[in-house]
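Enquirer: need a structure here:
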Amino acid sequence: MDPKNYESDGHGPALVKLELVLTPEQLSQFFRGIAAQQHSVLTLREASHQLRMPAATLEKEAESGAIPAFKVDGKWRFSRAALDEWVSSQGHLREAS
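Expert: Model (predicted):
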């Protein structure tokens, strides 16, 4: 490794510098991926809409731990991926009953 490509203050891990060369298409895909991740955390209202469940019911389910959720500044937030997994698991539970 070329020593000029990393730095260390002697107290922690080295900072590695990396240069990427992307085509305009690759850059566009990169930014689309970032934009998609920005919407990976849903508000109570957004999650309620996605699950087709009243917000009050969803809030009760989140408080009880039945639905994966977390609070940010006292407001419920829901991971889109965790909700998708939860919905899938509910389908398996219904099939088993």
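Enquirer: Flag the shaky bits of this protein, pLDDT-wise.
Expert: 1-12, 37-39, 92-97 (pLDDT under 70).
Enquirer: how about the helices in it?
Expert: All helices of the chain, identified by DSSP state H, fall at 24-38, 44-51, 55-64, 80-96.
Enquirer: residue nearest the centroid of this protein?
Expert: Residue closest to the mean C-alpha point of the chain, counted by CA atoms, centre = their mean, is Ser40 at 4.3 Å.
Enquirer: re the thing from before, possible to save the helices of the chain as TSV with distance to Leu18 and mean neighbour count?
Expert: (Each C-beta comes from the backbone N, C-alpha and C, glycine too.) Shown next, in TSV, are the helices of the chain (distance: least, CB to CB, whole Å; neighbours: other CB atoms under 10 Å):
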stretch	distance to Leu18	mean neighbour count
helix 24-38	14	10
helix 44-51	35	17
helix 55-64	40	14
helix 80-96	27	11
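Enquirer: In CSV: those, plus distance to Gly74.
Expert: Listed next are those as CSV, based on distance: least, CB to CB, whole Å:
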stretch, distance to Gly74
helix 24-38, 22
helix 44-51, 11
helix 55-64, 12
helix 80-96, 20
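Enquirer: right, and those - which one's nearest Ala14?
Expert: helix 24-38 (24.8 Å; CB to CB).
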